[in-house]
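Colleague: what's the 3D shape of this:
(one chain, ligands or ions: 1)
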Amino acid sequence: MISQSLTLHPSFPYTSLTLLSRSNPLPSLIHFSTSFSFPRITKQNPRNPKPFSFAYLNSSTSTTENEFNFELERLLALLPEKLQQKAIEHPELNQMIEVVMDLGRKPLARFPSGDFILSDYPITFQDLEVAISQVGDFAVDNRAGISRTLHRISAIRNRKGEIVGLTCRVGRAISGSADLLRDLVKDEASILLIGPPGVGKTTIIREVARMLADDCRKRVMIVDTSNEIGGDGDIPHAGIGKARRMQVPHTDMQHKVLIEAVENHMPQVIVIDEIGTKLEAMAASTIAQRGIQLVATAHGVTIENLIMNPSLEMLVGGIQSVTLGDEEASRRGGQKTVLERKGPSTFTCAVEMISKAELRVHRSLEATVDAILSGRSPKYDIRKMNTWRSGDEKHSTPTEPSIDISFQKQDEISVEEFPSVDYQIFIEGELESEVTTNTLVNTSKDEVPVHLFVYGIPETSVIQGIKQLKADDKVELTDNMSEADAVLALQAKLKKNPRIQAVAKSHDKPIYVTKTTSLMQIMKALRALLNDHDSGSKDFEAEKINSSEKMDALEEARLAIEQVVIPKGEPVELLPRSFHIMSLQMNLALEYQLQSERVGKDSNAHLRILPLQSSTLDEDDEIIDDTHGSRLDGNDMLDSNMNNGSVYSVDKLPFLPD
Ligand SMILES: Nc1ncnc2c1ncn2[C@@H]1O[C@H](COP(=O)(O)OP(=O)(O)OP(=O)(O)O)[C@@H](O)[C@H]1O
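Modeller: Numbering: from 1, shown residues only. Prediction:
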């Protein structure tokens, strides 16, 4: 039976129309909404002279669904006709994730259930050219979009810069995808979302932006680094509701656009995708200090990843090592130095995305970070989307959005994909009543053995060595470098792998090296490790952390000088540091013939590096040093009087150059 209801979008680029049978198990595609007007696509693939067009099967599909279908069609239009046909025959078309086109290889589409080969014929240069001609310009991050859609087209280039592969991700605005976070959003919490690539972070923050702008009537500004939240083109996608969007001309400019958003557009909420660099983290923290609600995503899968990432640790408040008094140290079983959070975290809450339908919500990010640093397990909610409500329900009550009916199966798939956890709270009705907090079993850090990452030496030999030394409870092997406290490696192998060395160095993990894999050598190394750990380990740890902080601080200063102060002639304010470290940064600036001054008070005391000939302060700034009353030089910095601190007040955003 053929569908009765056929309407053609006035600007629909193609003339051919394929009628599909209702008995065909295709999804309900497509009734075009007249609210869209897209430019006609003129360039056609010679392999594809008669582009495929969807037929309209059902007039009862909702507007949102129609819009999505129309957008999906625009993505599929990048493909040769036969491939489009193959794609739409797939029963999970509405849940399609990506289409991959690599030169000389069979094209494939990715679905939640797995990859699906679209053709046995390999992709040609011509196929790629036709696809590329239909998308916007590729930015430096090799990403482009299709105007007024949420799709993301990412290019792979050869050494000559020519595009030899495309990953075409289907973007969709999913009403209700942020329902699990509705309570936090309404509480005006600043939320940081982390999770592996493709887990749905952007989709959720897009919906949070819409929720805040439309349902909570907030002034929301999206800083859209790759145009992924608001879609490609100058008119943002309807999926962001009334939220406004600022585009970012270059990914390196993200932090500047963030600051500009606050200074020029009076937002109550800032939404930002992918905080990845220290400058961006600094900008975010500056914004949070102004009392603006922040909703952002960051690189990393767990909160531990953020804590370990020197560029992003400031999002969780920064980490510092503290030496304990004797009494406290003995109370903690002799542990002399501990890691502590340096200051308030930029975000109130953090959300680890386990899958599209399962979130781990840390209502207090600070409490979580404190727990992790002290070796306890943090408290968090596990929130799961169990029941998907019907589309009709959703559209009748816009203030209570729910999950689009088109994605009903996502729930089952996501749940199956990820192993279940001990605590599962299924949310079926009201969020508040169904979400509870789970406290996991506490483990004391003192009981934790040294975690050892072994490289180039047979693990069985290392285990034998551990047994010989009767150190089973003191040393535990780990496959995860980031969890390791130390590395045990065969010298010859280590030399050939600079990456392992670099990772160990960047995380200050001591490396114990053996020349051979003999049991004697292994035991010798293990003894050294245990010795360091048992006796001098605490001091050693403290030194390591200090030296890591020093390196970090000097690298921060170097980057600021070489990338901003000298080339742009602008001052840069660094992160708050201890006096000793600030003096090292100041000396580094002097080596570049640059002056610097200390600003801020107490825990906010930090260095501002000035460009040449910029000896005066901004008019808006008022810096009074109660010791010296003037800018300080390197010697002053080392002066212990400095500990008296200074009074610092600024009206404008303090951290970054304009
Ligand atoms: N709740 C959902 N139901 C169905 N599909 C979803 C859902 N959330 C996201 N998706 C789809 O999953 C894909 C990845 O989503 P998204 O781009 O939001 O992930 P991401 O975590 O931001 O990825 P990246 O880190 O690579 O930018 C997209 O095709 C998106 O449309």
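
Colleague: where does pLDDT dip in this protein?
Modeller: For the chain, applying pLDDT under 70 flags the ranges 1-68, 332-335, 386-448, 499, 505-508, 535-548, 613-658.

Colleague: could you pick out the residues of it near the ligand for me?
Modeller: Residues of the chain lying near the ligand by CB under 6 Å from any ligand atom: 95, 97, 169-172, 174, 177, 195, 197-203, 356, 407, 410. Yep, even glycine has a C-beta here, placed from its N, CA and C like the rest.

Colleague: next, Thr460: secondary structure please.
Modeller: helix (DSSP: H, G, I helix; E, B strand; the rest coil).

Colleague: what is the neighbour count of it?
Modeller: Counted with other CB atoms under 10 Å, the neighbours of Thr460 add up to 8.

Colleague: how about Pro458?
Modeller: That count, for Pro458 with other CB under 10 Å as the rule, works out to 12.

Colleague: tell me the contacts of it?
Modeller: Thr517 (CB atoms under 8 Å, 6 or more residues apart in numbering).

Colleague: for Leu477, see how far away it is.
Modeller: 11 Å (CB to CB, to the nearest Å).

Colleague: can you give the strand pairings for the helix or strand containing Leu193, parallel or anti for each?
Modeller: Assigned by DSSP states H and E, Leu193 belongs to strand 191-194. On the basis of DSSP bridges, the sheet neighbours of strand 191-194 come out as strand 293-298 (parallel), strand 349-355 (parallel).

Colleague: next helix or strand past the shortest one?
Modeller: From strand 293-298 onward toward the C-terminus, using DSSP H and E, the following helix or strand is helix 303-308.

Colleague: list the helices and strands that following helix packs on?
Modeller: For helix 303-308, the contact count by 3 or more CB pairs under 8 Å, 6 or more residues apart in numbering; DSSP states H and E identifies strand 191-194, helix 365-373 as packing neighbours.

Colleague: what's in contact with it?
Modeller: Helix 303-308 is contacted from outside by 194, 298-300, 312-313, 315-316, 319, 350, 352, 362, 365, 368-369, 372-373, 378, 482, 507, using CB under 8 Å, 6+ apart.

Colleague: next, the buried residues of stretch 283-297.
Modeller: For stretch 283-297, the neighbour count (16 or more other CB atoms under 10 Å) marks 283-288, 292-297 as buried.

Colleague: so which of these is the closest to the ligand?
Modeller: Thr297 (6.4 Å; CB to the nearest ligand atom).

Colleague: rewinding a little: in PDB, list the C-alpha atoms belonging to the strand holding Leu193.
Modeller: Output in PDB follows, covering the C-alpha atoms of strand 191-194 (Å, rounded to 0.1, in the frame of the first residue of the first chain):
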ATOM      1  CA  ILE A 191      27.400  21.300  35.500                       C
ATOM      2  CA  LEU A 192      30.400  19.700  33.900                       C
ATOM      3  CA  LEU A 193      29.800  16.700  31.700                       C
ATOM      4  CA  ILE A 194      32.500  14.200  30.900                       C
END
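
Colleague: quick one: contacts of that strand?
Modeller: For strand 191-194, contacts defined as CB under 8 Å, 6+ apart pick out 181, 184-185, 201, 204-205, 208, 294-303, 305-306, 315, 346-353, 365.

Colleague: which element follows it toward the C-terminus?
Modeller: Sequence-wise, the next helix or strand downstream of strand 191-194 (DSSP H and E) is helix 201-210.

Colleague: any idea how far Val322 lies from the ligand?
Modeller: For Val322, the distance to the ligand equals 35 Å [CB to the nearest ligand atom, to the nearest Å].

Colleague: sorry, slip of the keys, the one I care about is Ala209.
Modeller: Distance from Ala209 to the ligand, by CB to the nearest ligand atom: 13 Å.

Colleague: hang on, that residue packs against Lys242?
Modeller: No - contact between Ala209 and Lys242 fails when scored by CB atoms under 8 Å: they sit 9.4 Å apart.

Colleague: those two: which has the busier surroundings?
Modeller: Set side by side, Ala209 and Lys242 show more neighbours around Ala209, with 32 against 13, by other CB under 10 Å.

Colleague: just give me the neighbour total for Glu92.
Modeller: Neighbours around Glu92, by other CB under 10 Å: 17.

Colleague: correct me, but it touches Gly114?
Modeller: No - in this structure Glu92 lies outside contact range of Gly114 using CB under 8 Å: 9.6 Å.

Colleague: what is the burial count for the closest residue in space to Met385 that isn't next to it in sequence?
Modeller: Setting aside the residues directly before and after it, Met385 is nearest to Ala357 in space (CB to CB, 6 or more residues apart in numbering), at 4.1 Å. By other CB under 10 Å, 25 other residues sit near Ala357.

Colleague: over to Arg219: give its phi and psi.
Modeller: phi -80, psi 100 (degrees, to the nearest 10).

Colleague: that one against Val269, yeah?
Modeller: Yes - between Arg219 and Val269 there is a contact at 7.1 Å, judged by CB under 8 Å.

Colleague: where along the stretch 301-450 of the chain do the helices fall?
Modeller: For the stretch 301-450 of the chain, the helices defined by DSSP state H, counting those that start in this stretch cover 303-308, 326-331, 365-373, 391-396, 408-417, 431-434.

Colleague: returning to that earlier point: just the buried residues of the contacts of strand 191-194.
Modeller: Here, 16+ other CB under 10 Å leaves 181, 184-185, 201, 204-205, 208, 294-300, 303, 306, 315, 346-353, 365 buried among the contacts of strand 191-194.

Colleague: gap between Ala557 and Phe116?
Modeller: Counting by CB to CB, the gap from Ala557 to Phe116 is 51 Å.

Colleague: these two: which is more packed in?
Modeller: Ala557 (28 against 17).

Colleague: without its sequence neighbours, what residue ends up closest to that one?
Modeller: Closest residue to Ala557 apart from its sequence neighbours, by CB to CB, 6+ apart: Gln585 at 4.3 Å.

Colleague: got a list of what the one you found touches?
Modeller: Contacts of Gln585 by CB under 8 Å, 6+ apart are 553-554, 556-557, 574, 577, 596, 607, 609.
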